[in-house]
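Colleague: model this:
(chains A and B)
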Number of protein chains: 2
Amino acid sequence: MPVNYHTPTPAKLFPVAGVRLGVAEAGIRKLDRRDLTLLALDVGSRVAGVFTGNRFCAAPVQVCRRHLELGSDLRALVINTGIANAGTGEPGWQVATDTCVAVAQLLGVADRQVLPFSTGVILEPLPVDRLIAGLPHCVADLRADNWHAAAHAIMTTDTVAKAASRRVQIDGKSVTITGISKGAGMIRPNMATMLGFIATDAGIATPLLQQLLREAADESFNCISVDGDTSTNDSFILIATGQAGIECADASAPAYAALREAVIAVALELAQAIIRDGEGASKFIAIAVQGGQEREECKRVGYAIAHSPLVKTAFFASDPNLGRILAAIGYADVEDLDVERVRVWLGGADSEVLVADKGGRSVSYREDDGVRIMREEEITVRVDLGRGTARATVYTCDLSYDYVRINADYRS
Amino acid sequence: MPVNYHTPTPAKLFPVAGVRLGVAEAGIRKLDRRDLTLLALDVGSRVAGVFTGNRFCAAPVQVCRRHLELGSDLRALVINTGIANAGTGEPGWQVATDTCVAVAQLLGVADRQVLPFSTGVILEPLPVDRLIAGLPHCVADLRADNWHAAAHAIMTTDTVAKAASRRVQIDGKSVTITGISKGAGMIRPNMATMLGFIATDAGIATPLLQQLLREAADESFNCISVDGDTSTNDSFILIATGQAGIECADASAPAYAALREAVIAVALELAQAIIRDGEGASKFIAIAVQGGQEREECKRVGYAIAHSPLVKTAFFASDPNLGRILAAIGYADVEDLDVERVRVWLGGADSEVLVADKGGRSVSYREDDGVRIMREEEITVRVDLGRGTARATVYTCDLSYDYVRINADYRS
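Modeller: Residues are numbered from 1 along each chain as shown, chains lettered A, B, ... in the order given. Here you go, the predicted model:
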């Protein structure tokens, strides 16, 4: 059961003018499930993407990078689940390329205008014949109001479909932003997350679109972790179809600030949905680190806490064994950290208590308060490093028996 | 059940001339268990130590560092379990200091000649009165053949006592090396491990003793990980009493090479014992990385694999989901890694199979072979990075339901 996240969320996903979606059962790895998704984009759309920092990045990621280098005038995205097409060498590259050729022929566009995405098991070959055979069914299914079906079709170990959508008034125009994401394990995105796609009907010039994508990733998908494992297939894509009558040539455009805020909000909602549905998750934990010299060191501290199996099991047990948090801060490799200045709070829905200061347990801290907050489903750990003004918030979940069960079973 | 490690091991722990040990029940955190250990060293002993890199290092670690700076002519080590005396601020420092004063008075030595060690729960105060009240019982128990009792008394979540001992002939003299260690969780030593103590009756000059200690740590305690959590209390101590009639003034001493080899072998045996008894461990996994440009990057790759919860749960399930290993290599932050040159083998007791090469699954790999090896209790993952001659081996265990159970229960 995801933590405070239920499908379908939201009930209403607004269509984005210029984007149509179709799904199909291709039987890539399992039968009787929709595992193939096609997004068709109208002429005039611009696309930006960021991808995994994993050196063993998947073949489709390599193809995406190349096609985006050739231009942002993309026309289609094709996504399969079941097999990641990662760790597949030269044959994997050929499969990803063949997929683009097949989509291009069906839609009457160029190969380089197609981006391929895969997610699933690494090191196994992708049955490209089945994928290509499924494509005509996706084309037949293309509809503007198919976002929910697409959110379902890109799931792997996810237990709920993840989507976010909002419609905002900017400069008197109605602008829509809708996105979907997937991922529950192998989640510690480095650049972007497993799979995240956001589309808006606003117009955004390509360099600005790429900048906005990076900013949104930095505050959303690049601030989450389930298990510390950076995937081979992480991809986060931002699409601007330009059909809403709003055009942002650069960051000084009047509409841009509001648009930026809305896009980042959608990205954060999608990223948090991944944590709420993290493998085996029973708690949603925000780690807000402030008082750092730079954002990077705040993130480092946040991730040290988020990745500690001891901290994560303590959250699962609702046990305020909070010395484990101090230990994680202590090994987060912050040069010259003065532990006397570090303060740690534990916060629930209604209250926040100071746990540690002056290098040790706060004299005001009561174990009862810790126990009460640890029992909640949503918990904030706030850390003040006491050495600057930078801040960053990292989102994670607990480590439960179910995490072990899911990952000991995943391929079977 | 530890993996291929049973207490008492070895059956015979050789006493080290110049070292006497005593244990007692002080009731630090729980009743009816021996939780206090004293090592008394003869005049002429030399001691070297390395300690945790955790910024929130425990008060006793700080006192140890100071006392070792004042000289290597130490006369006593005092070790308590139950409470780590870490994250305890200024009062914690006072407790560690008071402990040294009490030991010094009982043994008629100087305060600075005593090293204190603590292990247990972080962020809780250490009841120093109970500790001090237990010391006379330790003194009354001091015996040269008490190593087994000491190995038991320093345990926390350990399920077996850990010790190693060997007697070697060097230059016609019989030299003894005996050591004990503890630790099962919060194990990713950075400098040294939770608690490791090795004594020899050989004589080794202080600078050489310190050098040998660092070399031994680098090949043993600094190459293991259970959960990636670097403790606040890691300490590794090497004692040379000089009573065997062997004296090494520097590394060119004729006896040194054989002595060095024996000390490192004891350290590695103690470090591996910690992994075999890792919290919830059902598999012992050696990750041997070769072909790196430098040892540091080999270790980084080894630890990326060792820390991946996805890799660890796959080992627990005996599931050759080996793409997870490739993913971990890929995010280990090795600049310019050419994945086409990386090769990965999986090895059991009798055989080794090539799993991956040329950026993907090896054409010779058969899933049946992977399944067979994954079912063994001791598994080697061998990785060739194909870019140099450096190598390093990291030791770890799997991630099981029991790991979650133990750490969700630890304080209760």
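Colleague: Please enumerate the strands of the stretch 151-300 of chain A.
Modeller: With strands called from DSSP state E, counting those that start in this stretch, the stretch 151-300 of chain A shows them at A:162-170, A:173-182, A:195-200, A:203-204, A:224-225, A:235-240, A:247-248, A:284-292.
Colleague: Which among those strands is found nearest to chain B?
Modeller: Each of the strands of the stretch 151-300 of chain A has some distance to chain B by Cβ to the nearest Cβ; the shortest is strand A:224-225, at 10.7 Å. For the C-beta atoms, the positions are set from N, CA and C on the backbone; glycine is no exception.
Colleague: Report all helices and strands that that closest one contacts.
Modeller: Using 3 or more Cβ pairs under 8 Å, 6 or more residues apart in numbering or on different chains; DSSP states H and E, the elements in contact with strand A:224-225 are helix A:256-276, helix A:295-307, strand A:390-397.
Colleague: would you turn those into a markdown table with mean pLDDT and mean neighbour count?
Modeller: As requested, the helices and strands packed on strand A:224-225 are exported to a markdown table (pLDDT from 0 to 100; neighbours: other Cβ atoms under 10 Å in any protein chain shown):
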| stretch | mean pLDDT | mean neighbour count |
| --- | --- | --- |
| helix A:256-276 | 87 | 22 |
| helix A:295-307 | 93 | 22 |
| strand A:390-397 | 92 | 23 |
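Colleague: any chance of these in a markdown table, plus distance to A:Val381?
Modeller: Written out in a markdown table, the entries for the helices and strands packed on strand A:224-225 read as follows (distance: least, Cβ to Cβ, whole Å):
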| stretch | distance to A:Val381 |
| --- | --- |
| helix A:256-276 | 14 |
| helix A:295-307 | 6 |
| strand A:390-397 | 9 |
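Colleague: between the ones you listed, which gets nearest to chain B?
Modeller: In terms of Cβ to the nearest Cβ, the element of the helices and strands packed on strand A:224-225 nearest to chain B is helix A:295-307, at 6.9 Å.
Colleague: and the next helix or strand after the closest one, what other elements does it pack with?
Modeller: The helix or strand immediately downstream of helix A:295-307 is helix A:309-316, counting by DSSP states H and E. On a contact count with 3+ Cβ pairs under 8 Å, 6+ apart, helix A:309-316 meets helix A:323-330, helix B:401-409.
Colleague: wait, does the first one contact chain B?
Modeller: Yes: where contact is defined by Cβ under 8 Å from any Cβ of the partner chain, part of helix A:323-330 touches chain B, namely A:Gly323, A:Arg324, A:Leu326, A:Ala327, A:Ala328, A:Ile329, A:Gly330.
Colleague: nearest to B:Lys162, of those residues?
Modeller: Proximity to B:Lys162 was ranked across the residues of helix A:323-330 next to chain B by Cβ to Cβ; first place goes to A:Ala327, at 21.7 Å.
Colleague: Just give the number of residues close to the residue in the stretch 301-412 of chain A that chain B sits nearest to.
Modeller: Nearest to chain B, among the residues of the stretch 301-412 of chain A, is A:Gly323, at 2.5 Å (Cβ to the nearest Cβ). Counted with other Cβ atoms under 10 Å in any protein chain shown, the neighbours of A:Gly323 add up to 27.
Colleague: for the spatially closest residue to it that is not a sequence neighbour, phi and psi?
Modeller: Distance criterion Cβ to Cβ, 6 or more residues apart in numbering or on different chains; nearest residue to A:Gly323, sequence neighbours excluded, is B:Ile122 at 2.5 Å. Dihedral pair for B:Ile122: phi -90, psi 150, per degrees, to the nearest 10.
Colleague: shouldn't B:Ile122 be in contact with A:Ala328?
Modeller: No: with contact defined as Cβ atoms under 8 Å, B:Ile122 does not reach A:Ala328; the gap is 10.5 Å.
Colleague: and A:Leu38, that's in a helix?
Modeller: No: secondary structure of A:Leu38, determined by DSSP: H, G, I helix; E, B strand; the rest coil: strand, with no helix assignment.
Colleague: excluding its backbone neighbours, what's nearest it?
Modeller: Using Cβ to Cβ, 6+ apart and skipping the chain neighbours, the partner closest in space to A:Leu38 is A:Cys138 (3.8 Å).
Colleague: And A:Ala392, by the same measure?
Modeller: Of all residues beyond its chain neighbours, the one nearest A:Ala392 is A:Cys298 (3.8 Å), with distances taken as Cβ to Cβ, 6+ apart.
Colleague: who's in contact with A:Ile379?
Modeller: For A:Ile379, the set of contacting residues under the criterion of Cβ atoms under 8 Å, 6 or more residues apart in numbering or on different chains consists of A:Lys283, A:Phe284, A:Ile285, A:Ala286, A:Phe315, A:Leu346, A:Gly347, A:Gly348, A:Ile373.
Colleague: what's the neighbour count on the residue in the stretch 51-200 of chain A that chain B sits nearest to?
Modeller: Nearest residue of the stretch 51-200 of chain A to chain B, counting by Cβ to the nearest Cβ: A:Ile122, 2.5 Å away. Around A:Ile122 there are 29 other residues, counting by other Cβ under 10 Å.
Colleague: How about the contacts made by it?
Modeller: A:Phe56, A:Ala58, A:Ala84, A:Ala86, A:Gly87, A:Thr232, B:Gly323, B:Arg324, B:Leu326, B:Ala327.
Colleague: Repeat the analysis, applying 7 Å as the threshold.
Modeller: Taking Cβ atoms under 7 Å, 6 or more residues apart in numbering or on different chains as the definition of contact, the neighbours of A:Ile122 are A:Ala84, A:Ala86, A:Gly87, A:Thr232, B:Gly323, B:Arg324, B:Leu326, B:Ala327.
Colleague: Leaving out chain neighbours, which residue sits closest to A:Lys283?
Modeller: Take A:Lys283 and drop its neighbours on the chain: the residue closest to it by Cβ to Cβ, 6+ apart is A:Asp398, 4.3 Å away.
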